[in-house]
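> quick one, fold the following:
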Amino acid sequence: MAVIKGPRSALTDFIEENNLKINPEFIKKRKAEKKEDVEPKTEQPVSVKKKRTKKIKHKMPVELINLETINRSNEDLEVEELLIDLDNIKSLSDEQLKNLSSYLSRNRIYNEEYVHKIIQLCSDRLVIYDCSEIKDEIYHKIDKNLKTLELYQCGQLTSKTLNLILSKQQSLEVLRVTGGYLLTDILLPPTLKVLDLTHCSRLDDDIIDEINRKCKLLEELRLSFCYKITGSINLEVPVKRLYLCETNISEEFVFNIPKISQISALSVKRCQRINNLPLKFKKLEYLDVEGITELNSLCLTKTMKILNCKQCFKLTESLPGLLKKTVNMEELNISYLPVDQAILSGLKKLKILDISWCPQVDDNFVVALLDKLALKKIFVFGCFKLSPNISESSWKDSDSTKILGNPGETKYLILND
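All right, here's what the predicted structure looks like:
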């Protein structure tokens, strides 16, 4: 039996106790294998490969849809010059003040000093686009007799303060107060022609009663995202433009509005209690019924210029026939719906088209539309059949149709950087 050198191990004891015999040839083979492992192996020659020059991207490309947010307009450049010496400026036009307010809001640099300056310089029109940082007591500075008062995102404004401001107004025609989450009741002046209370979510049907009693001259009403409005009180004022997005109204509320057939703009986006709008609107130019998935019927006429029926799935069969009547259509959103390219090609006045997430949209579909229509913009988000090269004309020719949202646009920009 072979002798195992070194300290005795459990294996050695096991071999002796069981009287096992190990083949000497096996031991020699094992030793030879160990010797081979110790000997250095001959190195194979390594072929030298030429390294590829790596393109370093210092920044990601900007798609067409985002260019407007990056490029500065002439108005922005003018505002930047005004801000250099704003403290010493004694007068500005209403348009300059509006541009100033817009610039401060978009760049999020509003503060109390800017608000005081805008209030001081305004004549009979006050527009503040971002009131989110303005405390309730600051609004008391508004003591002028105005024709237009627009306060956006005023989350800290209370009903008491707003009513105090409105009590001083003798000739107010336009009132826009949005994002007023603390507002519960508003005492409206009787001179109003335009009322916008979008996102004042604590308002309920009592505001309809207030409008009925006081606002006999009202032409435009916006109560979108006032979720407590159910339509239990009928609107008795024959407005020309009505926006009620995501409220809890029903179709009966719409039917009972005086002279509803004469309305020119109607938005009932995501009002899920509306199932039918068979009314024959004689002057309707703008209609938004987006997201009303159970909408069964709709009546369109040749006066229609802007239509948004995104995700109105039950209109799929009737939509081609409806669109044939809308010969003056300029803007159309039919996202998520099956679409007939031949029907769209017949809308000769169409300028803006949204066919995002439409399943059959591909390069041939888009090219055919571009050949037959003088489109300014076409939105194609979620149209994954489109190739990256379909965006080429939008970038190379500034006068061509802007194809926005192509999933392959980023790839095209990277490859052609």
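> where do the helices sit along the stretch 251-400 of the chain?
With DSSP state H, counting those that start in this stretch applied, the stretch 251-400 of the chain shows helices at 251-255, 319-325, 341-345, 363-372, 392-396, listed in chain order.
> let me fix that, I meant to ask about the stretch 101-250 of the chain.
Counting by DSSP H, counting those that start in this stretch, the stretch 101-250 of the chain forms helices over residues 112-121, 159-167, 206-214, given from the N-terminal end onward.
> turn the helices of the stretch 251-400 of the chain into a markdown table, columns for mean pLDDT, distance to residue 203 and mean neighbour count.
From N, CA and C alone the C-beta is placed, and that goes for glycine too. What follows is the helices of the stretch 251-400 of the chain, written out as a markdown table (pLDDT from 0 to 100; distance: least, Cβ to Cβ, whole Å; neighbours: other Cβ atoms under 10 Å):
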| stretch | mean pLDDT | distance to residue 203 | mean neighbour count |
| --- | --- | --- | --- |
| helix 251-255 | 95 | 16 | 17 |
| helix 319-325 | 91 | 34 | 16 |
| helix 341-345 | 93 | 40 | 15 |
| helix 363-372 | 94 | 43 | 15 |
| helix 392-396 | 82 | 43 | 15 |
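> looking at those helices, which is nearest to residue 410?
helix 392-396 (12.2 Å; Cβ to Cβ).
> who's in contact with the next helix or strand after the closest one?
Using DSSP states H and E, the helix or strand that follows helix 392-396 in sequence is strand 402-404. Applying Cβ atoms under 8 Å, 6 or more residues apart in numbering, the external contacts of strand 402-404 come out as 63-65, 366, 376-381, 390-391, 393-394, 409.
> repeat that with 10 Å
Contacts to strand 402-404, defined as Cβ atoms under 10 Å, 6 or more residues apart in numbering, come from residues 63-67, 352, 354, 356, 366, 370, 375-381, 383, 386, 390-395, 409.
> partners of it, with directions?
Using DSSP bridges, the neighbouring strands of strand 402-404 in the sheet come out as strand 377-379 (parallel).
> mean confidence (pLDDT) on the strand it pairs with, please.
Strand 377-379 shows a mean pLDDT of 96.
> who's in contact with that strand?
Residues external to strand 377-379 that are found in contact with it (Cβ under 10 Å, 6+ apart): 64-65, 331, 333, 335, 350-357, 361, 366, 369-370, 394, 401-406.
> and with 8 Å instead?
Residues beyond strand 377-379 that count as contacts (Cβ under 8 Å, 6+ apart) turn out to be 333, 335, 351-356, 366, 369-370, 401-405.
> do stretch 169-179 as well
For stretch 169-179, the surrounding residues in contact (Cβ under 8 Å, 6+ apart) are 124, 131-132, 145-155, 157, 162, 166, 183, 186, 188-189, 191-200, 222.
> count of neighbours near residue 87?
Here the count is done by other Cβ atoms under 10 Å, and residue 87 has 8 residues near it.
> for the closest residue to it other than its chain neighbours, the count of nearby residues, please.
Once flanking residues are discounted, residue 87 sits nearest to residue 117: 7.8 Å by Cβ to Cβ, 6 or more residues apart in numbering. Neighbouring residues of residue 117 were enumerated by other Cβ under 10 Å; the total is 16.
> please renumber so the chain begins at 30
Fine by me, first position is 30 from now on; the one you just mentioned is residue 146.
> just to check, residue 146 is in contact with residue 115?
Yes: in this structure residue 146 lies within contact range of residue 115 using Cβ atoms under 8 Å: 6.2 Å.
> closest one to residue 44 out of the contacts of strand 406-408, please.
Ranked by distance to residue 44 (Cβ to Cβ), the contacts of strand 406-408 are led by residue 434 at 77.0 Å.
> count the residues that sit near the closest one.
For residue 434, the number of neighbouring residues by other Cβ under 10 Å comes to 21.
> let me see the contact set for the closest residue to it other than its chain neighbours.
The spatial neighbour of residue 434 that comes closest, neighbours along the chain excluded (Cβ to Cβ, 6+ apart), is residue 410 at 3.6 Å. Counting by Cβ under 8 Å, 6+ apart, residue 410 makes contact with 364, 385, 386, 433, 434, 436.
> phi first, then psi, for residue 410.
When quoted as degrees, to the nearest 10, the phi and psi of residue 410 stand at phi -60, psi 140.
> about what we covered before: please identify which of the contacts of residue 410 is nearest to residue 110.
The shortest distance between residue 110 and any of the contacts of residue 410, using Cβ to Cβ, involves residue 433 and amounts to 31.6 Å.
> can you give me the pLDDT of that closest one?
In this model, residue 433 is scored at 93, pLDDT.
> roughly how far apart are it and residue 405?
From residue 433 across to residue 405, the span is 10 Å (Cβ to Cβ, to the nearest Å).
> which one of these two is surrounded by more residues?
Between residue 433 and residue 405, counted using other Cβ under 10 Å, residue 433 has the larger neighbour count: 21 against 15.
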